[in-house]
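Engineer: got a predicted structure here, sequence first:
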Amino acid sequence: MIKVMEDLQQDRKVIFSLIQKKGPLTKRDIQNTTNLKLTTLNRIINDLLTKELIVEESVGESTGGRKPTLYNVNSSKFYSIGIDISRTYTQILLTNLKMQIIKEKRFSGEDWYSCENLTERIVEAVRSFLDGLNITSDYLLGVGIGVIGPLEREKGTETSSENIGGSSFNSKFIKESLESRFRLPVIIDNGANCAVLGEYFYGYGKGYENIAYFNCGIGIRTGVITAGIIIRAINDREDAFGHMVIDINGRECYCGNHGCVESYSSIYSILKEFKVKSIRENKNFIEKNLDSIDYKDVFRLANEGESISKEIVSNSAIVFGTALANYINLLNPQLVILSGPTIYNSDIFYKLSTEVAIKKINAANANIKFSKGGYFKEHTMAVGASALIVESYISPSAERRQ
Ligand SMILES: [Zn+2]
């Protein structure tokens, strides 16, 4: 645990957080936001400079007279780790306090077979990051982890481990093992909440109050910030949107309900529909055994204009776009970030679903913006997990102190 950060007084935390997220800033910029007296601000800035949390960067634009000094966060002293554990891969990042990625390591989901093994892989990656850069763990703030929800965040346990690797996955075990190995804070949240937090503070969400993040893949994972606050579902579920009913007499969903968005728009549903239609129409669209066809094949065929797969992908996009419009009308995000394998592999899905959503939203949401992948693209969840750690030291509603 970093004592310098831990011991910061509240007024220092506020100024540090401002510089860290909006820097570089001049003293005038800071005063315009905080209304602090110059003598008070000087005292705080000198303290943050002495603690090496911020640096004098260069000189700012002059409006005549002496050019003012700019203050920015120190990007080469303190670091944090962000980890994204999903169904198909694990990504580990070392970021600095600007949330720039300094080191990264990614391995496939099949490369670990137990929590013990995954923990070892994480420890090994983090140690190699630190050794490679000659950083001691004294300058590491902690480890943030984004996992597939639902989970009991404060306890760090899954309410259902079926979502990720079956019963072998246990985030409480990983949290406790990493805490004892590194002697650092370890925070776990669902990946979609991490992603929306990262984009809100450091990515395309900067300057907005309400943003939403969707990860479309095996499931549909959603995180939303409204008026600057993450809206948390019960047990921190991130799949509630995916089980929004879009057709009361619709397809059976694995959750037991009928007509959920996921039963039309998840990768599983798209692939299943393709296989059903291939058998029904007795057609061989691809030089592959039906069992070995994966979702990328279906998206590729659709992109190439093959009619059955194009129809399936288009229908799944129309369902998703309609549900998205309902969601937008309810929560009024100003920015919606769409990410995940479905979005990256299918232009048809991205374009059609956003067109449908725009057509169906009410006039009050007319200025909504969409982003494909956000600022951090495939790193969003891990960067957001790293940001969770920084927030735990400086945010008044610090996760770690709950
Ligand atoms: Zn469902």
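Structural biologist: Nice, I can see it. Residues are numbered from 1 along each chain as shown.

Engineer: what's the nearest residue to Asn96 once chain neighbours are set aside in contact with, if anything?
Structural biologist: Excluding the flanking residues, the one nearest Asn96 by Cβ to Cβ, 6 or more residues apart in numbering is Ser75, at 4.5 Å. Every residue, glycine included, has its C-beta placed from N, CA and C. By Cβ atoms under 8 Å, 6 or more residues apart in numbering, the contact list for Ser75 reads Asn96, Leu97, Lys98, Gln100.

Engineer: on the three-state scheme, Ser75 is what?
Structural biologist: With DSSP: H, G, I helix; E, B strand; the rest coil as the basis, Ser75 sits in coil.

Engineer: look up how far Ser395 lies from it.
Structural biologist: For Ser75, the distance to Ser395 (Cβ to Cβ, to the nearest Å) stands at 20 Å.

Engineer: just Ile211 next, same as before
Structural biologist: For Ile211, the distance to Ser395 - Cβ to Cβ - is 17 Å.

Engineer: identify the single longest helix in the chain, thanks.
Structural biologist: helix 307-331 (DSSP state H).

Engineer: which residues in the chain form helices?
Structural biologist: Secondary structure of the chain (DSSP H): helices at 3-6, 10-22, 27-34, 38-50, 115-133, 171-182, 191-202, 262-265, 267-280, 295-303, 307-331, 341-345, 347-360, 380-394.

Engineer: Throw these into a markdown table and include mean neighbour count, mean pLDDT and distance to Tyr139, thanks.
Structural biologist: As requested, the helices of the chain are exported to a markdown table (neighbours: other Cβ atoms under 10 Å; pLDDT from 0 to 100; distance: least, Cβ to Cβ, whole Å):
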| stretch | mean neighbour count | mean pLDDT | distance to Tyr139 |
| --- | --- | --- | --- |
| helix 3-6 | 14 | 84 | 9 |
| helix 10-22 | 19 | 95 | 16 |
| helix 27-34 | 15 | 96 | 25 |
| helix 38-50 | 14 | 97 | 16 |
| helix 115-133 | 16 | 94 | 9 |
| helix 171-182 | 18 | 92 | 12 |
| helix 191-202 | 29 | 97 | 20 |
| helix 262-265 | 26 | 97 | 42 |
| helix 267-280 | 17 | 93 | 40 |
| helix 295-303 | 20 | 96 | 41 |
| helix 307-331 | 20 | 97 | 39 |
| helix 341-345 | 21 | 96 | 34 |
| helix 347-360 | 19 | 98 | 40 |
| helix 380-394 | 28 | 96 | 13 |
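
Engineer: looking at those, which is nearest to the ion?
Structural biologist: helix 262-265 (5.6 Å; Cβ to the ion).

Engineer: tabulate the CA atom coordinates of that closest one in CSV.
Structural biologist: C-alpha atoms of helix 262-265 as CSV (Å, rounded to 0.1, in the frame of the first residue of the first chain):
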residue,chain,number,x,y,z
GLU,A,262,-29.5,-12.4,-25.6
SER,A,263,-31.6,-15.1,-27.2
TYR,A,264,-31.4,-13.2,-30.5
SER,A,265,-28.2,-11.0,-30.3
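
Engineer: so what does that helix touch, helix or strand wise?
Structural biologist: helix 267-280, helix 307-331 (3 or more Cβ pairs under 8 Å, 6 or more residues apart in numbering; DSSP states H and E).

Engineer: near the ion at all, the longest one?
Structural biologist: Okay, so that is helix 307-331. No - residues of helix 307-331 contacting the ion under Cβ under 5 Å from the ion: none, with a closest distance of 11.8 Å.

Engineer: got the domain boundaries for the chain?
Structural biologist: 3-73, 79-197+382-401, 205-374 (automatic domain parsing).

Engineer: what does this protein have sitting close to the ion?
Structural biologist: Selection of the chain residues close to the ion by Cβ under 5 Å from the ion yields His243, Cys253, Cys255, Asn257, Cys260.

Engineer: let's see it at 6 Å
Structural biologist: When proximity is defined by Cβ under 6 Å from the ion, the chain lies next to the ion at His243, Cys253, Cys255, Asn257, Cys260, Glu262.

Engineer: do I have it right that the last one meets Gly219?
Structural biologist: If I follow you right, that is Glu262. Yes - between Glu262 and Gly219 there is a contact at 6.3 Å, judged by Cβ atoms under 8 Å.
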